[in-house]
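> need a structure here:
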Amino acid sequence: MRFKTKTFAKKRDKPLITRKRFCRFCVDKTKHIDYKDVRNLEMFIKERGKIISSRYSGNCAKHQRLIAEAIKKARFLALVPYTRV
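I've put the predicted structure just below:
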């Protein structure tokens, strides 16, 4: 005995319009990312305290490494919390 399977209508293919992400530090030509600038660093930290990846932030690899290093240094000096509850 064969079972009937439900068939679902396929969604129509819609073209995705994506905006090119850009590194805000390259645009501003920033040479140094300061670990003491907590307000700027908190933009790259999620609610739970994780560092936002470059995929979402749009930073280039060089500046993403500098941001991660600055956040870790600020955490160690207790300027930024490790976790937020």
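
> Give me the contacts around stretch 29-42.
For stretch 29-42, contacts defined as C-beta atoms under 8 Å, 6 or more residues apart in numbering pick out 25, 63, 66-67, 69-71, 73-74, 77, 79-80. (C-beta placed from N, C-alpha, C; glycine too.)

> Quick check: the two most widely separated of those?
Farthest apart among the contacts of stretch 29-42 by C-beta to C-beta are F25 and L77. That separation is 21.7 Å.

> Between those two, tell me which one has more neighbours.
F25 (18 against 10; other C-beta atoms under 10 Å).

> can you give me phi and psi for V38?
phi -70, psi -40 (degrees, to the nearest 10).

> one step back: pick the one among the contacts of stretch 29-42 closest to S57.
Closest to S57, out of all of those and judged by C-beta to C-beta, is I67, at 7.9 Å.

> Am I right that that closest one is in a helix?
Yes - secondary structure of I67 (DSSP: H, G, I helix; E, B strand; the rest coil): part of a helix.

> neighbours of it, just the number please.
Neighbourhood size, I67 [other C-beta under 10 Å]: 23.
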